[in-house]
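Engineer: Need a 3D model of the following:
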Amino acid sequence: MLFLLLPGVLILGGDGHEERDSWRELDRAVAALQSSDDTSPFSWGVLLRTFFTGSPKEATAAGTADVSGNVIEDLDLHFGYHDADVAWRVSADFEGGNAELEDAYARWRTCQELTLTVGQFKPRVTRSGSLPDDALLFRERTFLGAAFDGWDDGFELSGHYDQFDYWFDVMDSSNGEQSNHLWTMRGEWALFDAAWDDLEGARGAPNHLRTLLGVYSFHDDALSTHNGDGWGTDLALTFGPYSFHGEWADLDDEFARTIDVFNGYLITLGDGQPRAFTLGRRVGEGGEGALRFQKADDADHTQSFGLAADWSPHGGVARWVADVGWVQGDTRDFTIFSIGLQLGSSGQARPFLGEY
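Structural biologist: Numbers count the residues shown, from 1 in each chain. Purely as a prediction, here's the structure:
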């Protein structure tokens, strides 16, 4: 359904009135694919993120392969229910023509201080890893965000008190149903104002300072019996049109996660201190720009500097995303560029936000 909308977007032209009308028509068409009854506890929707990418050639067993071209980053369908203290969500990604289950969980809040989540979901470790796909400023997450951008079976205890939130997760981890697990803990402190929804950048930010400080730790028994853990911290803030996000982690020597944030060019994090810093600013009506610097602190000493520009005409559900990254390391030195279109919504939100 969403593919039928793309040709009309790509040939937008004419005077300013025609262009604005075209975008409004696109917003209405995409919004029709989402649940529209705000009084109903049920919701559903579609998210499409598609990009054209110019990237380095990827190493293969047969030599090298050019992976530049069109890429469908996300094609997600979600269903959900949220009523009082009970919620559930099911979502799947149809990228590549095969359905891959992502979320399949139920959530029950007994009180402000205690919520139980059971099923398949993404444990909340780094803030950048927990952001919904449609909340990103860049095409990809940070190095640390990508390392914890995965779904697993398990349970979570979480809660809220005053300016504090916490999450404690026990997941199956990479060894499936065997006895060893991934244990994660995260706490957040909203120093000024209150916690806000999981958005990257300053979209919808008020004209006063908001600061969110997070601290987390994790231990993966499936990787090793010792030294397979780590800890870290992150800081997010907004002030009017400005935003900042910084994150850092100390990974022990047996912890290892292989990530793909460069369109097939893989990086393995572990036994290091990866970090990232992102500075953004809203520009005009519906626009936002951002700068990002990252160090993977991996065996290849990978680091990158990136620029991103987002534009959502009239604050609608259609958004352009363009970014460029310069990547350096002991054995890598390349530039990667992406421009794409995002339609729809992931339907994800911070659990029970605004109900305290």
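Engineer: For the lengthiest strand in the chain, give the mean pLDDT please.
Structural biologist: When the chain is parsed with DSSP state E, its longest strand is strand 69-83. Per-residue pLDDT over strand 69-83 has a mean of 92.
Engineer: Which positions within that strand qualify as buried?
Structural biologist: Across strand 69-83, burial judged by 16 or more other Cβ atoms under 10 Å covers 71, 72, 73, 74, 75, 76, 77, 78, 79, 80, 81, 82. C-beta here means a position set from N, CA and C on the backbone, and glycine is covered the same way.
Engineer: I'd guessed residue 130 sits against residue 121; true?
Structural biologist: No: Residue 130 lies out of contact with residue 121 (Cβ atoms under 8 Å); the separation is 10.2 Å.
Engineer: Now do the residue nearest the centre of the chain against residue 248, distance only.
Structural biologist: What sits nearest the mean C-alpha location of the chain, by Cα atoms, centre = their mean, is residue 131, with 3.5 Å. The spacing between residue 131 and residue 248, counted by Cβ to Cβ, to the nearest Å, is 17 Å.
Engineer: Leaving out the residues flanking it, which one is nearest to residue 76?
Structural biologist: Spatial nearest neighbour of residue 76, excluding adjacent residues (Cβ to Cβ, 6 or more residues apart in numbering): residue 47 at 4.4 Å.
Engineer: Same check on residue 121?
Structural biologist: Spatial nearest neighbour of residue 121, chain neighbours left out: residue 105 (4.4 Å); criterion: Cβ to Cβ, 6+ apart.
Engineer: about what we covered before: next secondary structure after the longest strand of the chain?
Structural biologist: Counting by DSSP states H and E, the next helix or strand C-terminal to strand 69-83 is strand 86-93.
Engineer: Pull the distance from that following strand to the chain's centre.
Structural biologist: 16 Å (Cα atoms, centre = their mean, to the nearest Å).
Engineer: what lines up beside that strand in the sheet?
Structural biologist: Note on strand 86-93: by DSSP bridges, its sheet partners are strand 69-83 (antiparallel), strand 100-111 (antiparallel).
Engineer: who touches the following helix or strand past the shortest one?
Structural biologist: Which is strand 100-111. Using DSSP H and E, the helix or strand that follows strand 100-111 in sequence is strand 114-121. Contact partners of strand 114-121, identified using Cβ atoms under 8 Å, 6 or more residues apart in numbering, comprise 101-110, 151-159, 351-352.
Engineer: Only alpha carbons, please: show the longest strand of the chain as CSV.
Structural biologist: Taking C-alpha atoms only, strand 69-83 is exported to CSV below (Å, rounded to 0.1, in the frame of the first residue of the first chain):
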residue,chain,number,x,y,z
GLY,A,69,21.6,1.4,-4.2
ASN,A,70,18.1,1.3,-2.8
VAL,A,71,17.6,-0.2,0.6
ILE,A,72,14.4,-0.8,2.6
GLU,A,73,15.5,-0.2,6.1
ASP,A,74,12.1,-0.9,7.8
LEU,A,75,8.7,-2.2,6.7
ASP,A,76,6.9,-2.8,9.9
LEU,A,77,3.3,-3.6,10.9
HIS,A,78,2.2,-3.2,14.5
PHE,A,79,-0.9,-3.9,16.6
GLY,A,80,-1.4,-2.8,20.2
TYR,A,81,-3.8,-2.4,23.1
HIS,A,82,-3.5,0.1,26.0
ASP,A,83,-6.3,0.5,28.6
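Engineer: re the thing from before, buried among the contacts of strand 114-121? Make that a PyMOL selection.
Structural biologist: The buried subset of the contacts of strand 114-121, as determined by 16+ other Cβ under 10 Å, is captured in PyMOL by this line:
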select buried, resi 102+103+105+107+109+151+152+153+154+156+158+159+351+352
